[in-house]
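>>> This is the structure alone, sequence omitted:
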């Protein structure tokens, strides 16, 4: 999967979710920036409509705040089939390229990221 390092050189960095030295390098670099990490959580397990609305609202926020440079921004998407992904941005190509993973794998990624805050761009039925 790609770790979405939105403000670290402007591009995603490849890494696996298994904790290799290659895995830890991007996270350590992100954390060494000294900036708090903001994780933007979006998607839906129950509705394609809400998944789309959530992604739209999250993308509008993400595209605005990532340019400020105050924080490091990452994206976590929840999908209808229960999988999670971490696209580098909200482009169709980035969303398609992001590897999907199980909930336990996603929780490990989030644990490694150690975000200062999670912004939930999600809606209830």
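Noted; the coordinates are in hand. Worth saying up front: this structure is predicted, and the values here are computed from it rather than measured.

>>> check contacts around the residue nearest the centre of the chain.
The chain has residue 75 as the residue nearest its centroid, 2.1 Å off, counting by Cα atoms, centre = their mean. Contacts for residue 75 (Cβ atoms under 8 Å, 6 or more residues apart in numbering) come out as 4, 6, 39-40, 42, 58, 62, 86-90. The way it works is simple: take the backbone N, C-alpha and C, and place the C-beta from them, glycine included.

>>> switch the cut-off to 10 Å
4, 6, 38-43, 55, 58-59, 62, 66, 85-90, 94-95, 98, 121 (Cβ atoms under 10 Å, 6 or more residues apart in numbering).

>>> and it, that one's in a helix?
No. Going by DSSP: H, G, I helix; E, B strand; the rest coil, the assignment for residue 75 is strand, not a helix.

>>> Residue 98 versus that one, what's the distance?
To residue 98, residue 75 is 8 Å away according to Cβ to Cβ, to the nearest Å.

>>> any residues in contact with both of the two?
Joint contacts of residue 75 and residue 98 (Cβ under 10 Å, 6+ apart) are 4, 85-89.

>>> Relative to residue 110, which of the residues you listed is nearest.
residue 86 (9.0 Å; Cβ to Cβ).

>>> Local confidence estimate at the closest one?
Reading off the confidence values, residue 86 has pLDDT 91.

>>> Quantify the burial of it by counting its neighbouring residues.
25 (other Cβ atoms under 10 Å).

>>> Roughly how far does residue 54 sit from residue 85?
Counting by Cβ to Cβ - residue 54 and residue 85 are separated by 13 Å.

>>> which residues do the two both contact?
Going by Cβ under 10 Å, 6+ apart, residues that sit against residue 54 and also against residue 85 are 43, 77-78.

>>> buried sites along stretch 72-87?
For stretch 72-87, the neighbour count (16 or more other Cβ atoms under 10 Å) marks 72-78, 83-87 as buried.

>>> Can you tell me which of these is nearest residue 110?
Looking across those and measuring by Cβ to Cβ, the closest to residue 110 is residue 76, at 6.8 Å.

>>> All set now, cheers.
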